[in-house]
Each structure stands twice: as C-alpha cells, then as structure tokens.
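A.B. asks: Model the structure of this input:
(2 chains)
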Number of protein chains: 2
Amino acid sequence: MIHVGYRKDEEQVSQPKRKLKLGVFIAGTGHHVASWRHPNAVPDAAMNLDYFKQLAKKAEEGKLDLLFLADSLSINQTSHPNVLTRFEPLTLLSSIAESTSTIGLAATASTTYSEPFHIARQFASLDHLSGGRAAWNVVTSSIEETAKNFSGEEHLAHHKRYERAEEFVEVVKGLWDSWEEDALVRNKETGEFFESSKLHELQHKGEFFSVRGPLNVSRTPQGQPVIIQAGSSEDGQKLAAKTAELIFTAQNDLDKAKEFYQSLKGKVEAAGRAREDVSIMPGIFPIIADTEEEAQAKYEELQELIVPEIGLSILQNYLGGIDLSQYPLDGPLPEIDPSTSNAVKSRFDLVMNMARKDNLTIRQLYQSVAGSRGHNIFIGTPQQLADVMETWLREEAADGFNVMPPLLPEGLDVFVDRVVPILQERGLFKTDYTGQTLRENLGLTEPKNRYTT
Amino acid sequence: MIHVGYRKDEEQVSQPKRKLKLGVFIAGTGHHVASWRHPNAVPDAAMNLDYFKQLAKKAEEGKLDLLFLADSLSINQTSHPNVLTRFEPLTLLSSIAESTSTIGLAATASTTYSEPFHIARQFASLDHLSGGRAAWNVVTSSIEETAKNFSGEEHLAHHKRYERAEEFVEVVKGLWDSWEEDALVRNKETGEFFESSKLHELQHKGEFFSVRGPLNVSRTPQGQPVIIQAGSSEDGQKLAAKTAELIFTAQNDLDKAKEFYQSLKGKVEAAGRAREDVSIMPGIFPIIADTEEEAQAKYEELQELIVPEIGLSILQNYLGGIDLSQYPLDGPLPEIDPSTSNAVKSRFDLVMNMARKDNLTIRQLYQSVAGSRGHNIFIGTPQQLADVMETWLREEAADGFNVMPPLLPEGLDVFVDRVVPILQERGLFKTDYTGQTLRENLGLTEPKNRYTT
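C.D. replies: Predicted coordinates:
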C-alpha cells in the first residue's frame, strides 16, 4: 500500500494559477477487485443503466470534467469479476448523454481490432449527440487473447500495435476534417445542399490503412472529439506526445510522477506542441473516511474480500500472462525476462518495482496490486486527499487526476460531497462549468480544420 | 407512380385474425429525395437529436412496433442529400432509448465491413440499454465505393457477400448465447460471481471468421435482439429464410407482392421454421391528404423540387453504377446486362420492370424512382391507405408495412393521427403495446439459448 505524503510549504499560501482537471473512472461496482462482494455493492452494477445514470449525475453535480469508461474485447474469466460483462462504451455514453448536460464522456476504443472509419464515425456521432462532450481514449489492446475473437492467429506485438495506432489516429483525425464547418449550406431555393469545395476526401494510403473518405458525419460541436492516451510505455508516450490531449497514467510515487511529467511534457514540446496542449492525469484510488483509522479499516474490509485465485490471476496478467502457479505463494517472485512478455510495459515495471522494493512474496504482491490494479492507493481523510492533490498539482507531478473509486456509488459520493468542496475552497478546482463542450471546460483549443483557409 | 387499388370483397366483413406490424423508417427530412427543399423541412434534420426524439415519441404515441434506421459507410455526393451526413445508428438509438419506453429500435449494420464480435456486442448493449427493444437489420453493403473506406481493394461480389453474411449472423447469434440467463449468480458470501458451466466459448471456425468468444455482455432482455433482413435477391431470401424475423422489401404490385410472400414463407418452412416466425413488411411511401387531389398536389410539389443531376444519379445507382450520361434523357433506357451489375438485384429488376412496362424515358424513369427510391408510392386519403393496408394483409401480400414518410415530421404525424386510428377501429392494429420488449410486442418467441438444457 502506498500513502503519498503531503508537503506543506510556503508555496501553499499563494493561490495556484493552474486548476485541477478531474475525471471519474467508472467500473461496475468499483475499482477494487472485490468491491462486488461488499454489502453496499449493487450486484448487477456493470449492466445497470440506472446505476450509471445516477453516477453520471453525481459526477456532474461535482463539476467533474469527465466520466471515463475502460473497455475490453475479450473475457478473462479469472480476472476482475466486476467487468466480465459490460455495456459497449459508445452505446452506454450515448444513453448517458441524455441524462446529463455538461460532463465530458470518454470511451475507450482499441486501434488494434477496429477500423478508423467506424471509430471516427462513432465518436463524431457521440460528439453530436452530446453537444460536444465526446473523448476517445486510444488503446492498443494489451490482451493477447483478444485476437481470438477477431479471426486473428496472433496478437500484434507491442511495437507494431503502436505503429498501427499512430496511423489509425492520423486517419481518424483526417476523417473528422472531412466537412468544413460551413460546408452544409442547405439552400432550399437553389437546391445546393452543400458546398462541394468544402467536402474533402482524405485519400489516405499508409502501411496499415487505405481510407478514401469523406466521413458521413458533419463537423462535430468540438471540431474534433478530445483524444486521450493511456499507455505509458516509450511507444505509448511517443503516441501521446504527438496526438493526445489528456494522458492517463498509473503513478504511485511523487518523484517518479514528476519525472514522468517533465519527460512527457518535453516530448510534447519536441513534437511541436505546447506543454499546455496536454494534461497529465494519473489514476488515484482513494479510500476516504473521517479519520485515517476508519479509512484504513475500510480498505482492509475490501482487501479481505479478495478471492485468492483472482488475486493471483490479476498479478499474472500484469506480468504478461506469466504462469506463477508453479511457484510457492509465500515465496519470492521469480526472475522474469521482460522481453518475453507482451504485457503493458509501464504496468509490468511498476509491479516489478513493488516486488523488489519491499521484497514481497507472490501473495503479498497480488494483494498489493489486485485491489487497485497498480494505481495509486490513497487512504485517509478528505482534507488529506485534497492535500495530496494540491501537492501533485503544485509540484508538477500532475495536471489533475482520474479518480478511481474503490467502491461505488459511495466512493464517488464522498469524493463529490467531501473532497470537491475543499478543492474548490482552495481555488484548486472550478466551482462551475464555464463552457458547454468538454474542450471549453478543459481549456483546450478547438483543432483547426486542415482544409479551412 | 403506382397507386395500389383496394379490393372490396365479402372477406372484409369478418374481423381478420392477423394484425398489421408497423414500423416507421426515418431518414432525415423524409424519404422523398427533394424533401429537404420543402418549406416545412427541418434543414439540419439528419443530425438533429431533438428532431429524432420528437419523431420517436410520435411513433410511440401511434403504438408503432419499431423505428427503423438505414445506414451507409460511404458518401455518394450526388445521391440523396438528406443522408449525406447522419448519426451512427447504434449511438443514435441508444440516445433515443432514453426518450422512449416501448417502441422497438432497429439499426442497420453491414456484415461486409465489420466484425461479428463488435456487432454482437453493440446490439446486445442496445438491447440492455433499451430494456429489450433492439433489432439488427442485416445488410451486406451494396455500394462498391465503400471498400475504399475500409482498406479494401475490391468490394466482395454479391454472392460472396451473402456467404459472409450468413456466417456472420451465425457467429453473432452464437455470441449472444455466451451467457446463460442464470449464469451470473453474484454470490457475495461465497465469492462465486458466475457459474462457470453456464458461460460458453463459441469456438467458431469457418470460412470467413474464427471467433472464440465468449461475448462480454450478459444475456439480453430479449434473449437475442430481433433479426431483420432487407435483401430480396435469391441470396437475400435464402439468408432471410434461415435467420430473419422481419423482412423488409420493396414491392409495388399486389400480385408480385403476393408471389414474393408465398415464395418466401415457403422458403422459411423449407428451412425448418414456422411461417409465423417471419413477418414480411414491404416499404410504403404514403402521400396522405384529405382528398386524392390534395394528395396528388402534395406529391407534385415534392417532385418539382427534384434536382435533375441527383435524380439521374440515383437511377444510375439503382442500376449498379451504370453511366447513363451518354444517353439522351428523353430517350429510352439502353439494354443493360444484369450480370455485369453489382447492384441490389431486387432493386435492379424493379427499376427495369418499371422502365419496360410503361416504356419510360430516362427522365421519366428517374422521376419515378428518385422520389420514393423504388418503394411503393401511395397517394390518397387516410381511409384509402387503410384500405390498401387491409387488402395487402388480408391477401397475404404483407404482414405489415415499413412506413417511409416522404416528408417529416408531417408524414409521420398524419399517419399516426389519421391512419392508425382507422386501422385500430377496424381491428387491424393494436390499440396499445401488450409487452415490454420488441419480441413481446411482435409476438415473436424468445430464442432458446443453445446451451441451456
């Protein structure tokens, strides 16, 4: 367990200029792997629309910037039971758009098992349906088994997946520019429906895709949906520096997070973009109560509910599907050659560091990672969580956070009711939405259409 | 223009047992190709969510069985301007699900440019989100240009597309059976989330796809979403007979429609299914007014708004992309070898029959087909339309209709306000929804899960 300390210093007095960006990452009954067993968990959460609508409304009450959904294209039967079944994210967010008015709606979609035309279209459609609140979290699918659901013999290797992703995003952004904003003139008198010089074929021909276009969705309220990137490997960072506007990352050490932050912002600049064009939002897994002791007790209550087989299975996945069943649970983690692993690299390194640092047994390690799945565990009071967030913002370890409540809905309720007001009081978080679109609320500029002069 | 007569005979006196099934097919400003130019047309209809919500609510007020959306994966710049841009259907219907409670929600999706896992998931998700109202209209994409948006060098030939479609539907239905209805036990005490004997891998290996499964969406409220098929070619009918539960078809002659009806029901029986398992719903394009003269004037008002280039372009598309620009507009249609055409076969035959029957010039022909795009044009009073529908139902030319209002919203308003009450009075249409799910309202049985004993 990691408890990130708060550094109280003189800087705290002056009002910081930057404000936190805050998302809530919703996963079924909550992010703790055993949350579904908690007495307060809603049993069918993962496929209960009313439950999601209630959460979305609560997040909007808290003025959070976005509601974030992960995704998966295959089932791991011994993993997080909570997300074994789930809604397809774009359809779910299209429904949620109707119950909310301002919060951003971020869906994960893989570039490895889809086509750019479909993805461009679905997110453009969501952007129209939601009045400019769509965001796409670009992932490359780290799970090898997924290939088997898509007629694939072999899952693409890590590097190749990112090459495909880079071209994929390029095509999607190109398709989003198909229609200039004022292309649709719809002149009933003359019979001119659109100005043909303002409709563009992309004519993309690359290594992975050849896509003519144009897209059959008009320019969206945000110009283009917001791009999120969540891979922290070298390849992932390269993609993020080039195209992402929000970056999600697993960071559980202030100094390492600062390093990552500086390094990535440097890469953004090297890619010819401004540092402010990209916001870095680490995940945080907060257990919040009135006292530290109560928070600790809450955490332990959840930890005790972890089923051992599932804990071990999650650890194995993080290590790239390595089979640990032959090693004693109370012995050390064996040597694993990272080059033989097709795991998410950043997650792999993080787990290996945890194991080595505290010399954890396999059992201790799965207990540490299974709960929060590698994300930064915070255990404490609302005041302390606000302190941590302030420190990370001030010290440039983060521009904001993606909040991953261990147990829902209560973890979101306590964050909105108890933590957000403190952040607002300190001037660290907005007291109301200032715009209508997600871009406006995040202070992101609207991408210029490449064809508009 | 075709005006289908009403055959008044002694049968009319006895109450018919069968009731009509009615869908409304929504396309932007309406199905007439020039509808967008009409003074009452909503200019941005095709991408206006509030407009779609208003239409969906009106259709539900009329107790219609379903709201139907077509789709396209490419743009034909000289075709129906009305649908040059559009929402992606699954996202749109997920939003509309929130504004309605009982009407069925049918989206078109192509088997040629998608993957069964995605389609199975999206429709299963919509079925959950809508409380059991999802239907999938299976199409194979007749437009060759579409391949260019999906990295394809060549569009699959007609027969091959249908072979792929048949396997595709088989896989989708298999994935929908992944979870037995009572698989998710979620026992908080024991830690058993699901009963593993009730979760099934499909392990499909076929010519086009190899898909392991299981799907990551639990069994849906309808068991499986409803399957619609809209191709009337030999291949299309074969697919429909095997898998469809609703069949949309373009029929504009009572005797030909009866032949089609009998032939298709025969094929359904030959495929080992009951005749009642499949409902045949021809499209109808009704221009309705208080008198025949007023209706005729309304039709002519729309016809006069057709832009010649677009009329010709639509005709060319129906003939499989044949270039007619070298022929005089006021001369006859040249001979066209159907074997060189990759057109929708049933549409091709229909257009050729129209041309030959009345010896139409190219201009007359495009005027005839562009407006309704080959569908059955009705021009008359509410009473007369009810008469036609009754005849077609009674004479087994149809089990219902997919109503394609030429101009929206008024074409739907008049159908719901003026025609539905007559049909209800005659006992030809339900006065209220009798179930919650689309299957219940259509009287379709819930497919048994293949694994449940």
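
A.B. asks: switch to C-alpha atoms for all contacts and neighbour counts from now on
C.D. replies: OK.

A.B. asks: How about the stretch 251-400 of chain A: which residue is closest to chain B?
C.D. replies: Closest contact between the stretch 251-400 of chain A and chain B, by Cα to the nearest Cα, is at A:Val307 (6.6 Å).

A.B. asks: I'd guessed that residue sits against B:Gly191; true?
C.D. replies: Yes: the pair A:Val307 / B:Gly191 is scored as a contact, 6.6 Å apart, by Cα atoms under 8 Å.

A.B. asks: Give the residues shared as contacts by these two.
C.D. replies: Common neighbours of A:Val307 and B:Gly191 are not found (criterion: Cα atoms under 8 Å, 6 or more residues apart in numbering or on different chains).

A.B. asks: Roughly how far does A:Ile336 sit from A:Gln316?
C.D. replies: 11 Å (Cα to Cα, to the nearest Å).

A.B. asks: Between these two, which is the more surrounded one?
C.D. replies: Per other Cα atoms under 10 Å in any protein chain shown, whichever of A:Ile336 and A:Gln316 has more neighbours is A:Gln316, with 18 against 12.

A.B. asks: and the more buried one, what is it in contact with?
C.D. replies: A:322-324.

A.B. asks: If we use 10 Å, what do you get?
C.D. replies: Contacts were defined as Cα atoms under 10 Å, 6 or more residues apart in numbering or on different chains; by that measure A:Gln316 touches A:79, A:310, A:322-325, A:343, A:366.

A.B. asks: Also A:Phe415?
C.D. replies: Residues in contact with A:Phe415 (Cα under 10 Å, 6+ apart) are A:24, A:58-59, A:62, A:286-288, A:382, A:385-386, A:403, A:405, A:421.

A.B. asks: export the residues you listed to TSV and tack on pLDDT and neighbour count?
C.D. replies: What follows is these, written out as TSV (pLDDT from 0 to 100; neighbours: other Cα atoms under 10 Å in any protein chain shown):
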residue	pLDDT	neighbour count
A:Val24	98	24
A:Lys58	98	19
A:Ala59	98	23
A:Gly62	98	24
A:Pro286	97	27
A:Ile287	97	26
A:Ile288	98	28
A:Pro382	98	25
A:Leu385	98	24
A:Ala386	98	22
A:Val403	98	25
A:Pro405	97	28
A:Pro421	98	19
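
A.B. asks: taking the residues you listed one by one, which sit in helices?
C.D. replies: A:58-59, A:382, A:385-386, A:421 (DSSP state H).

A.B. asks: what about A:Phe68, which SS state?
C.D. replies: Recorded secondary structure, A:Phe68: strand (DSSP: H, G, I helix; E, B strand; the rest coil).

A.B. asks: Can you tell me who it pairs with across the strands?
C.D. replies: Beta bridges link A:Phe68 to A:Phe25, A:Ala106 when assigned by DSSP bridges.

A.B. asks: ok, it - contacts?
C.D. replies: A:Phe68 sits in contact with A:23-27, A:56, A:89, A:93, A:104-108, A:135-137, A:402-404, where contact means Cα under 10 Å, 6+ apart.

A.B. asks: just to revisit the earlier point, using CSV, lay out the ones in helices among the contacts of A:Phe415 together with distance to A:Phe429.
C.D. replies: As requested, the ones in helices among the contacts of A:Phe415 are arranged in CSV below (distance: Cα to Cα, whole Å):
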residue, distance to A:Phe429
A:Lys58, 16
A:Ala59, 14
A:Pro382, 15
A:Leu385, 14
A:Ala386, 10
A:Pro421, 9
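
A.B. asks: Mind putting those residues into a markdown table with distance to chain B?
C.D. replies: Formatted as a markdown table, the ones in helices among the contacts of A:Phe415 follow (distance: Cα to the nearest Cα, whole Å):
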| residue | distance to chain B |
| --- | --- |
| A:Lys58 | 18 |
| A:Ala59 | 19 |
| A:Pro382 | 29 |
| A:Leu385 | 30 |
| A:Ala386 | 33 |
| A:Pro421 | 31 |
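
A.B. asks: residue boundaries of the helices in the stretch 201-350 of chain A?
C.D. replies: For the stretch 201-350 of chain A, the helices defined by DSSP state H, counting those that start in this stretch cover A:234-243, A:254-270, A:292-303, A:308-318, A:345-357.

A.B. asks: Could you tell me which helix of chain A is the longest one?
C.D. replies: Max-length helix for chain A by DSSP H is helix A:158-176.

A.B. asks: which secondary structure elements does it contact?
C.D. replies: strand A:104-110, helix A:116-129, strand A:134-139, strand A:204-205, strand A:210-211, helix A:234-243 (3 or more Cα pairs under 10 Å, 6 or more residues apart in numbering or on different chains; DSSP states H and E).

A.B. asks: Tell me the buried residues in the last one?
C.D. replies: Within helix A:234-243, the residues that count as buried by 16 or more other Cα atoms under 10 Å in any protein chain shown are A:235-243.

A.B. asks: of these, closest to B:Glu425?
C.D. replies: A:Thr243 (60.8 Å; Cα to Cα).

A.B. asks: Surely the closest one touches A:Ile227?
C.D. replies: Yes: applying Cα atoms under 10 Å, one finds A:Thr243 in contact with A:Ile227, separated by 7.0 Å.

A.B. asks: intersection of neighbour lists for those two?
C.D. replies: Each of A:138, A:169, A:173, A:278 lies in contact with both A:Thr243 and A:Ile227 under the rule Cα under 10 Å, 6+ apart.

A.B. asks: Now do the contacts for A:Lys19.
C.D. replies: Contacts of A:Lys19 (Cα under 10 Å, 6+ apart): A:390, A:393-394, A:399-400, A:423-424, A:427-430, A:442.

A.B. asks: which of the residues you listed tops the neighbour count?
C.D. replies: Neighbour-wise, those (other Cα under 10 Å) top out at A:Gly400, 28 neighbours.

A.B. asks: Hmm, it is touching A:Leu22, no?
C.D. replies: Yes: taking Cα under 10 Å as the definition, A:Gly400 is a contact partner of A:Leu22 at 5.5 Å.

A.B. asks: Common neighbours of these two, please.
C.D. replies: With Cα under 10 Å, 6+ apart, A:Gly400 and A:Leu22 have common neighbours A:281-282, A:429.

A.B. asks: could the residues you listed go into a markdown table alongside distance to B:Thr112 and pLDDT?
C.D. replies: As requested, those are exported to a markdown table (distance: Cα to Cα, whole Å; pLDDT from 0 to 100):
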| residue | distance to B:Thr112 | pLDDT |
| --- | --- | --- |
| A:Met281 | 39 | 97 |
| A:Pro282 | 40 | 96 |
| A:Phe429 | 48 | 98 |
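
A.B. asks: Out of the residues you listed, list just those in strands.
C.D. replies: Counting by DSSP state E, the part of these found in strands is A:281-282.
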